[in-house]
Structure formats: structure tokens, C-alpha cells
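Q: sharing a model prediction with you, sequence too.
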Amino acid sequence: MRSDFATARQLLEKAQQHLQGRDAASRQLNEAVELLVEAVLTAEHTAPKGEVVMFPQRRSGAR
């Protein structure tokens with residue numbers, strides 16, 4: 001099973017929206033979630049996109 005980085009990022013961003021308090025705990029948690037969002041973005045954009053399949057090439061002159 002592959003990780004769904006895009007969905008994970010969306011859920012973390014939604015969590016950030018709920019951590020808008022002005023208290024120290026809310027700020028600290030918001031910063032921690034931001035680090036996770038950045039880590040997920042990095043993983044999302046460095047993950048291999050798929051497998052390349054090489055097709056046989058025609059020999060010149062063959063039909």
C-alpha cells in the first residue's frame with residue numbers, strides 16, 4: 001500500500017486551522033504541525049512517480 005501524501009498534507013493543514021489559539025501550547029503545536037506539513041511535502045515531491053517500462057525498439061529496415 002502506498003502512502004497518500006496529498007491527503008496527509010490536507011489533514012495536517014486542517015489540523016493547523018484548528019490550532020489558532022494564542023496560548024503557548026497552541027503556538028507550539030501549530031509549529032510542530034508545520035514541520036510535519038513540510039516533511040510530507042518533501043516526501044510527496046521526492047517519491048518515485050511510477051515505473052518506466054521500456055518497449056522493444058524496431059530494427060531499422062524491418063516492417
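A: Received it, and whenever you're ready, just let me know what you need.

Q: so where's the longest helix in the chain?
A: Longest helix in the chain, counting residues (DSSP state H): helix 24-46.

Q: what sits up against that one?
A: Contacting residues not belonging to helix 24-46 are listed as 3, 5-6, 8-9, 12-13, 15-16, 19-21 [CB atoms under 8 Å, 6 or more residues apart in numbering]. All C-beta atoms are positioned from the backbone trio N, CA, C, and that covers glycine.

Q: in CSV: those residues, plus distance to Thr42, pLDDT and secondary structure.
A: Below are the contacts of helix 24-46 laid out as CSV (distance: CB to CB, whole Å; pLDDT from 0 to 100; DSSP: H, G, I helix; E, B strand; the rest coil):
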residue, distance to Thr42, pLDDT, secondary structure
Ser3, 13, 89, coil
Phe5, 9, 92, helix
Ala6, 13, 92, helix
Ala8, 12, 96, helix
Arg9, 11, 95, helix
Leu12, 13, 97, helix
Glu13, 15, 96, helix
Ala15, 18, 96, helix
Gln16, 17, 95, helix
Leu19, 21, 94, coil
Gln20, 25, 93, coil
Gly21, 28, 95, coil
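
Q: just want the most central residue of the protein.
A: Taking CA atoms, centre = their mean as the criterion, Glu44 is the residue nearest the geometric centre of the chain, at 2.8 Å.

Q: how much space between Thr42 and Met1?
A: Distance, Thr42 to Met1, by CB to CB, to the nearest Å: 20 Å.

Q: swap in His45?
A: As for His45, its distance to Met1 is 20 Å (criterion: CB to CB).

Q: where in the protein is pLDDT low?
A: Across the chain, the ranges flagged by pLDDT under 70 are 61-63.

Q: at 80 instead, please
A: By pLDDT under 80, the low-scoring segments of the chain are 47-52, 59-63.

Q: quick one: which of Thr42 and Met1 has more around it?
A: Ranked by neighbour count (other CB atoms under 10 Å), Thr42 and Met1 place Thr42 first, with 11 against 3.

Q: from Leu35, how far off is that one?
A: Per CB to CB, Thr42 is found 11 Å from Leu35.

Q: swap in Thr46?
A: 17 Å.
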